[in-house]
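S.K.: Turn this into a model:
(chains A, B and C)
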Amino acid sequence: MSLGGDMHALVRRLYPLCRSITGNGVRDTLKIVGEHLDLHVYEVPTGAQVLDWTVPQEWNIRDAYIARDGERVVDFQKLNLHVVGYSVPVHRTMPLAELREHLHTLPNQPDLVPYRTSYYAPTWGFCLAQSTLDQMPDGDYEVVIDSTLAPGSLTYGEVVVPGRSEREILVSAHVCHPSLADDNLSGIAVSARLAAQLLTGDLPHHTFRFVYAPGTIGAIAWLARNEHRVSHIQHGLVVAGVGDGGGPTYKKSRRGDALIDRAMAHVLRHAAPSPTLLDFFPYGYDERQFCSPGFDLGVGLFQRSRYGTFPEYHTSADNLDFIRPEHLASSYRMIAAMIDIVENDWRPVSTSPKGEPQLGRRGLYSALGGDKDGPAKSMAFLWILNLADGRHTLLDIAERAQLPFGVVAEAARLLRNSGLLVEDRAAGRPWVLEGLPAANDS
Amino acid sequence: MSLGGDMHALVRRLYPLCRSITGNGVRDTLKIVGEHLDLHVYEVPTGAQVLDWTVPQEWNIRDAYIARDGERVVDFQKLNLHVVGYSVPVHRTMPLAELREHLHTLPNQPDLVPYRTSYYAPTWGFCLAQSTLDQMPDGDYEVVIDSTLAPGSLTYGEVVVPGRSEREILVSAHVCHPSLADDNLSGIAVSARLAAQLLTGDLPHHTFRFVYAPGTIGAIAWLARNEHRVSHIQHGLVVAGVGDGGGPTYKKSRRGDALIDRAMAHVLRHAAPSPTLLDFFPYGYDERQFCSPGFDLGVGLFQRSRYGTFPEYHTSADNLDFIRPEHLASSYRMIAAMIDIVENDWRPVSTSPKGEPQLGRRGLYSALGGDKDGPAKSMAFLWILNLADGRHTLLDIAERAQLPFGVVAEAARLLRNSGLLVEDRAAGRPWVLEGLPAANDS
Amino acid sequence: MSLGGDMHALVRRLYPLCRSITGNGVRDTLKIVGEHLDLHVYEVPTGAQVLDWTVPQEWNIRDAYIARDGERVVDFQKLNLHVVGYSVPVHRTMPLAELREHLHTLPNQPDLVPYRTSYYAPTWGFCLAQSTLDQMPDGDYEVVIDSTLAPGSLTYGEVVVPGRSEREILVSAHVCHPSLADDNLSGIAVSARLAAQLLTGDLPHHTFRFVYAPGTIGAIAWLARNEHRVSHIQHGLVVAGVGDGGGPTYKKSRRGDALIDRAMAHVLRHAAPSPTLLDFFPYGYDERQFCSPGFDLGVGLFQRSRYGTFPEYHTSADNLDFIRPEHLASSYRMIAAMIDIVENDWRPVSTSPKGEPQLGRRGLYSALGGDKDGPAKSMAFLWILNLADGRHTLLDIAERAQLPFGVVAEAARLLRNSGLLVEDRAAGRPWVLEGLPAANDS
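M.R.: This is a model prediction of the structure:
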């Protein structure tokens, strides 16, 4: 199956599960994701103090409906978005007038069911289409939510891809949304595929850590349990909403000039005619936690359409038809291109810095002066040689030359093979450990 | 009476007086301004050396006119703009052809009388409407200027509002223009009202010094007499032309990044859809003197319409109808908003910097996830907590969040009351003196 | 004759010569250029190692043609562009089908002959108009190139204008193009005229070095032979294509903020409504060599139209009609204006920094306040006095004031004569040698 098709298939398996910030929906999700990955599952018990927060009671739900005359008008079994997440149990009969206070609709999108939660204020509620509500006659309704809120635990998962260095790249996807395909089964599927790919390839320079945790409280729990490890994280990416055809969108880390910010900006500029590059702001996904001032990690957010800007966002329209294999695949390739930069950037130093080296006798330059393509073909060579003073990395050079990193990296490889470049080991690559052989990039 | 009405009433009282850089017009003006303020009047004698300048002879004028056949064609008693400021006395009869060399008109604005002075080149002249001149037949005219230029003094006034700190905020308005309402009776009235307001309120952090001096030579005389005090001035504002409905306009200090520059820019951006923010240039009002390289103070210029850009500028059309109470009031409020920033900015440090603190259990966050207003309401909280690393002031945060300072300051107050913020006393507020209790901002 | 006429006359004399990167065409060119200049000619022998390159065999050509039935269809004697530069000798008869592989035309500009070379890949070829080729019937042609490639030398010339200081300004023009007027006989003529002018004037501050060398290999040979001297070069300009009416265009040095970059940008902004200012890029003319990372000199490129952007570029249409005396003259004046800045910039310090000095009593200010021209006339005075804190040069001030350097320099001279400015000798002018009297700029 194709790359995109593989990822879409995983999304289809995960779609029906009723996830929330705790409960069996998350466990079942991690079980499926981990089928072909060495995924470790961690449980953090209810009541545990995690940074400023306390792990709440675990929520599980078996059934829920609104029925009239024994007929289900709103049915959790058909769509788990129908229940407000973390609803307390209820089993009552009440007139529509009273029930309305617990009903959520989207009057401007009358056929869609909204997605709502109330994790920390005990309440219950149903979400339904406005068109459904409009057809509900006055009178009494049977209202059932067969849920439990009880001591239990919060669940998160981790996949670690060992690298040459203890320096880490973090990839994070939230796993707390129920039947919403783009937000965030897409992020789960793309990152899991990346993990699988990395596990089967050569040992990377960095250690990669893929974290699958519920939004906010899950990221906070992970940070609380991994505070000792946080200093290893060099670069990180929150992946959310990468199955639609919009954007691409990258929101920079709080630092704004972290290497991942520059690498993602570079990749997106070469991948799309007008990508959206956003400065950090303190709302959104779990980059909020990784970029809180006490951590301030170089972690950005990658999306296709920016969240909240498209009509399907947080509604029943964010379904399996909304995302497409080809978008999952292109999102995958953009992240992979960023990883290529972060893994393989280096700092060239010219061995022939005075005047231009003669490329022609090394077979690196088309010989006839009037060849229209000569300059274009040689552009990367010229830029690299001119900037190979130890103060520029390949990414610096690619940005300055407005050429894709891959083109510059390949040209640099040829120049190094010709003896015209060496690597500045002093400035060196930060991930190369003492005593380990340097990476074989040529 | 309303705020704007009060200030307009003061302008009306001051309007008829014939001010110049010296003389009784300035003294009478300061007497009226000081009626309800503790205004100190200073006299600097003719011949006194003030920086590079020498205080000139004092100029006073009692009457002036051009008459034909005993009838006044141009009459100082009707409008004091008719005489070129600092005109030497004259009592002659002369033909129109000779008189013309002493007449100033505005051919493109034929019904307006221009404003002209000649402080340092002894001469005399009249200003009149071109339409008046066009109706003056050839022949002899009686020309009288009953003025005196004699040893005396230059007069300026000061109002000091004591503060907790010796660090000062300077507010300056020039008092040398005769019957011109916007330039600068508006500046006198607005600043005097600010002084009155500050004197009746709580002790401010800064000491405020309001200076009422003639343009250029007056500011220079003040600087010469106050050189020892200049190092106390932290922030300063020249206020001129704040009664018209244009702008608002702020011209930055020579430093360009003084706190007052950032504060005024912030206020104006939130007060008007497209304020004019100008880099410093060495012509204009008395910011020229305060920003000369030997002083280089953080003093900017606040105006509504930029001087010289509107047809009424320096003409008889800059009269009591040109300015309006509501514009005086809005100018007042913009300066007051700047003072609020300069007085009340502080540098928050989060007590819970790792991950986001849980706002919900502190009653600071609307609990239901789908609440459309929730994110907006919480925006200031999130920005403050994210940037509360001791490297950002509330103004920094307001600018970054594109929120008004007042909204951020109020949110910061709530967060501090909840124990989530403390003030960075080390970076501290520069105006807090040793041994004095810190300000009670909460 | 006029300045422009003089330069155009020199171009006309040089135009017929067949220049290449070696050979007698260069020698004959330098002989003519040196007729009125103290021009030194240097020869670098074939096989000499110059930086990363080796000086090639010397190429000379006496005749070349394509003939059919004894009649020359393409004739080097009529236009030396007809032969690909560095063509190896050939004397054969061949059918048109075979000959075509050696023919170069411009199908989109069918009446123009292109310019082509093949210095380092031994081959031969002819350049001709597409319209000529279209009229050549099939059949056999006599093909003759009477050239020699043999050990010899590469030739370059230098004119040195002594200055007070050993610090140098380099002006470079390439001399390797055959009958192309703008590229680069224009650069040769303008720079030679500048050299002549400097030789007849007062001793300049800097030593000026004018280099006439073949492109790339010539600049590399010069650098190899002058490595010890390179550290003296403070500022440099490559002059190429300065006879057409386009642009002006300035390409900055690799440093980007060298004084010459700022000076040329300043000159061009005041010389033309929308000059083209380009950041450095590592292709183009000999700035490539001067700005290679091992030298990284402050050398930029001055052109009128940017090379490669106009249809006459590198074709037979770049002829004596394409360039005009008035464009040569205006290019000359722009370079002279840059030299004026680099030679005469200084760092003023006010002797009266507190408040504005009174310009009126020094005769530097129009006295009547309402004089419409007063502010404009005094603008340069005000800017200089305000920025005369030892941290700004005259060029800094001119840029900030948006006034031409010449206006600011003249105003500064008047202020210094009035005693209001002194020169900051500590920050000083870098070219003033120990023990030498300072330049007399007033």
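S.K.: Can stretch A:413-427 be said to contact chain C?
M.R.: No: Stretch A:413-427 lies apart from chain C when judged by C-beta under 8 Å from any C-beta of the partner chain; the minimum separation is 8.8 Å. Every C-beta, even on glycine, is put in place using the N, C-alpha and C of the backbone.
S.K.: what's around A:Gly139, how many residues?
M.R.: By other C-beta atoms under 10 Å in any protein chain shown, 10 other residues sit near A:Gly139.
S.K.: Where does the nearest residue to A:Ala271 once chain neighbours are set aside fall, secondary structure wise?
M.R.: Spatial nearest neighbour of A:Ala271, excluding adjacent residues (C-beta to C-beta, 6 or more residues apart in numbering or on different chains): A:Met334 at 5.4 Å. For A:Met334, the host element (DSSP states H and E) is helix A:325-344.
S.K.: Let me know the average pLDDT across that helix.
M.R.: Computed over helix A:325-344, the mean pLDDT rounds to 98.
S.K.: Give me the buried positions along stretch A:183-201.
M.R.: Neighbour counts over stretch A:183-201 (16 or more other C-beta atoms under 10 Å in any protein chain shown) mark A:183-196, A:198-199 as buried.
S.K.: Show me which pair in those is furthest apart.
M.R.: Greatest spatial distance among the buried residues of stretch A:183-201 (C-beta to C-beta): A:Asp183 and A:Leu199, at 26.1 Å.
S.K.: Next, the residue lying closest to A:Asp63 once chain neighbours are set aside: phi, psi?
M.R.: Leaving aside its chain neighbours, A:Asp63 sits nearest to A:Asp146 (4.4 Å; criterion: C-beta to C-beta, 6+ apart). In terms of degrees, to the nearest 10, the main-chain angles of A:Asp146 are phi -100, psi 70.
S.K.: how about A:Pro293, what does it touch?
M.R.: A:Arg254, B:Ser350, B:Pro353, B:Leu385, B:Asn386, B:Leu387, B:Ala388, B:Asp389 (C-beta atoms under 8 Å, 6 or more residues apart in numbering or on different chains).
S.K.: Okay, the residue lying closest to A:Glu423 once chain neighbours are set aside and chain B: tell me how far apart.
M.R.: Of all residues not flanking A:Glu423 in the chain, A:Trp346 sits nearest, at 5.2 Å (C-beta to C-beta, 6+ apart). As for A:Trp346, its distance to chain B is 32 Å (criterion: C-beta to the nearest C-beta, to the nearest Å).
S.K.: three-state assignment of the residue in the stretch 251-400 of chain A that chain B sits nearest to?
M.R.: Nearest residue of the stretch 251-400 of chain A to chain B: A:Gly294, at 3.2 Å (C-beta to the nearest C-beta). Classification of A:Gly294 by DSSP: H, G, I helix; E, B strand; the rest coil places it in coil.
S.K.: likewise A:Phe210?
M.R.: A:Phe210, by the three-state scheme (three-state DSSP), is strand.
S.K.: so what pLDDT did it get?
M.R.: For A:Phe210, the predicted pLDDT is 98.
S.K.: Near it, how many other residues are there?
M.R.: 25.
S.K.: quick one, what contacts it?
M.R.: Contacts of A:Phe210 (C-beta under 8 Å, 6+ apart): A:Glu158, A:Val159, A:Val160, A:Val161, A:Val171, A:Ser172, A:Ala173, A:Ser191, A:Ala192, A:Leu194, A:Ala195.
S.K.: what about the residue nearest to A:Asp63, neighbour count?
M.R.: 15.
S.K.: and the gap between it and A:Ser316?
M.R.: Between A:Asp146 and A:Ser316 the distance is 21 Å, computed by C-beta to C-beta, to the nearest Å.
S.K.: A:Ile169: what's it in contact with?
M.R.: Contacts of A:Ile169 by C-beta under 8 Å, 6+ apart are A:His206, A:Thr207, A:Phe208, A:Arg209, A:Ile233, A:Gln234, A:His235, A:Gly236, A:Leu237, A:Ile339, A:Val342.
S.K.: Okay, and the beta partners of the fourth one?
M.R.: So the one you mean is A:Arg209. Beta-bridge pairing for A:Arg209 (DSSP bridges): A:Val160, A:Leu170.
S.K.: Tell me how many other residues surround it.
M.R.: If we define neighbours as other C-beta under 10 Å, then A:Arg209 has 21 of them.
S.K.: Roughly how far does it sit from chain B?
M.R.: 18 Å.
S.K.: Quick check, A:Ile188 in contact with A:Ala195.
M.R.: No: A:Ile188 is beyond contact range of A:Ala195, at 10.6 Å (criterion: C-beta atoms under 8 Å).
S.K.: quick one: A:His177 is in a strand?
M.R.: No: read with three-state DSSP, A:His177 is coil and lies in no strand.
S.K.: and it, how many residues sit next to it?
M.R.: So A:His177, with other C-beta under 10 Å, has 26 neighbours.
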